[in-house]
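[1] need a structure here:
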Amino acid sequence: MGGDGGGAKEELAVVESREWYLSAYAPDGVPTSDHLKLRKVRLSLDADSIPDGHVAVQLLWISVDPYLRSRMTGRDDGLYFSQFPLNQVITEFGIGRVIRSKDTEFTEGEIIINPFSPVAEFSVTPTAFLKKADPAAGIALPDYLASLGVPGFTAWVGIEVLGNPKPGSNVFVSAAAGGVGIFAGQLAKLKGCRVVGSTGSNEKVKLLKEEFGYDDAFNYHEETDFDAALSRYFPNGIDLYFENVGGKMLEAVLNHVNQGARIPLCGMISEYNKVWEERDGVKNLLNMVGKEVKMEGFLIGSYLDRFGDFVKEMEGYLKEGKIRSKLQVFRGIDTFLESFASIFTSSNAGKVVIQLN
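    Numbers count the residues shown, from 1 in each chain. As a prediction, this is how the structure comes out:
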C-alpha cells in the first residue's frame, strides 16, 4: 500500500497540461485561432514546487461566458474587468479536484469551485477565492456554473435586487434562452410576473414557453420591426426590461416603458464585437425622463455581500423543482474556441460549459 501510494505521487510529480492563452487582441469580430491558442506545458506537482496557501487542481468543468469577450479587445473601455495579458493562460469560472495541497483547509480529492480558474487541464492556484462543493447537498456539479454560478447570481441580482417587480408586472427579457436569460425569466415568474422573452430561433421560443414557463416569446430574426413586435407582446407596456442585447432592441423597448419602469443592464451582446464608434446609439433616451425610468448597469462583484442570500434562495428553488437549468455541454478542453464562438450565434440554448473529466 505504502509503495503504491509513493509510486502514484511520483507519477504525478510532473504532468503535461494543455492550456488556452491569448496570443493577440481582437478589437472587433469574434476571436479566432489567430487570437486564442492552445498549448502544452509541463507542470511540476512536487510539494516543493507548490507555494504555501496554494493547491494543485485538475480541472473538471469550465464555464464559458460572454463577458470574456470584453477582456480580449486590447482596450480598457469601461467594460467588466481588465484585459487578459498576452501569452498568459486565460481564466474563467471553473470546478476542479484538488490533487496536491499546501493549505490545511483543503485536502486531496476535494472538489473546489474557483471564480478565476485557469483554462488549463492542470494548474497551481491560490486558495483565497476557492469554495468547496458540498457532496451532501445533492447538487450536480454543473449547477455550480449555472443556477448557482455566475448566470444564476446575475439573473438574481437583476430581478430580485435591482428590478424587484411587483406581482402582475410586465417583464421583458432579451437573449432569454441564454445562460442568464433562462434564470431571469424563471425568477420573474416566481415573483408572479407576466414574462415575455426574445430569442434567436423558433426552437428556442418553444423551449422558453414549454420548459421554462415564459408566458410568451418571439424569434427576433423573424421580426423586421422590433417596435411593432413589442406593441403586440406588450399592449399594456413594459414594467421591467432585463437587458442582455442593447442596440436596436433597447431603443424599441424605450418606446414601450411604463411609468417608473426599471431596466437592469446585464449586458449588450449585440455590441461586444464592435469597436465603440460602430456600436448602435440609442436615439430616444428622452423617453426615460418623462416616464421616470431607472436604467442601471451592474456587475455582480459589487453584490457579493448578497451571495449568501442568493445561494440560500436558489438552493431552495432547486430542491423544490421551481428552477430548471439548461446546459450546452462541449467535451474536452480543445473545444474552448468553438464553444466560445457559439455564444455569439443562435446555435446554443442555455449555459455553455465544457466537461473535461
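[2] low-confidence ranges, the stretch 251-357 of the chain, go.
    Residues of the stretch 251-357 of the chain meeting the criterion pLDDT under 70: 268-280, 346.
[3] again, but for the chain
    1-12, 77-80, 268-280, 346.
[4] pull out the buried residues from the longest helix seen in it.
    Criterion DSSP state H: the longest helix present in the chain is helix 307-319. For helix 307-319, the neighbour count (16 or more other C-beta atoms under 10 Å) marks 310, 313, 314, 315, 317, 318 as buried. Just so you know, the C-beta spots here come from the backbone N, C-alpha and C atoms, and that holds for glycine as well.
[5] can I get it in PDB, CA atoms only?
    Extracted in PDB, the C-alpha atoms of helix 307-319 (Å, rounded to 0.1, in the frame of the first residue of the first chain):
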ATOM      1  CA  PHE A 307     -24.300  36.000  -2.400                       C
ATOM      2  CA  GLY A 308     -25.300  34.100   0.700                       C
ATOM      3  CA  ASP A 309     -28.900  35.200   0.300                       C
ATOM      4  CA  PHE A 310     -28.800  34.200  -3.300                       C
ATOM      5  CA  VAL A 311     -27.400  30.700  -2.600                       C
ATOM      6  CA  LYS A 312     -30.000  30.000   0.100                       C
ATOM      7  CA  GLU A 313     -32.900  31.100  -2.100                       C
ATOM      8  CA  MET A 314     -31.700  29.400  -5.200                       C
ATOM      9  CA  GLU A 315     -30.800  26.100  -3.500                       C
ATOM     10  CA  GLY A 316     -34.400  26.100  -2.100                       C
ATOM     11  CA  TYR A 317     -35.800  26.600  -5.600                       C
ATOM     12  CA  LEU A 318     -33.700  23.800  -7.000                       C
ATOM     13  CA  LYS A 319     -34.700  21.300  -4.300                       C
END
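[6] packing partners for the next helix or strand after that helix?
    Where DSSP states H and E defines the elements, the next helix or strand beyond helix 307-319 is strand 327-331. Under the contact definition 3 or more C-beta pairs under 8 Å, 6 or more residues apart in numbering; DSSP states H and E, strand 327-331 sits against helix 336-342, strand 351-355.
[7] I'd assumed residue 252 was in a helix, is it?
    Yes: assessed with DSSP: H, G, I helix; E, B strand; the rest coil, residue 252 lies in a helix.
[8] show me what contacts it?
    By C-beta atoms under 8 Å, 6 or more residues apart in numbering, the contact set of residue 252 is 226, 227, 229, 230.
[9] pull the number of nearby residues for residue 193.
    Close neighbours of residue 193, defined as other C-beta atoms under 10 Å, add up to 22.
[10] that one and residue 164 touch, don't they?
    No: applying C-beta atoms under 8 Å as the test, residue 193 and residue 164 come out as separate, 10.8 Å apart.
[11] can you pick the most crowded of the contacts of residue 252?
    residue 230 (24 neighbours).
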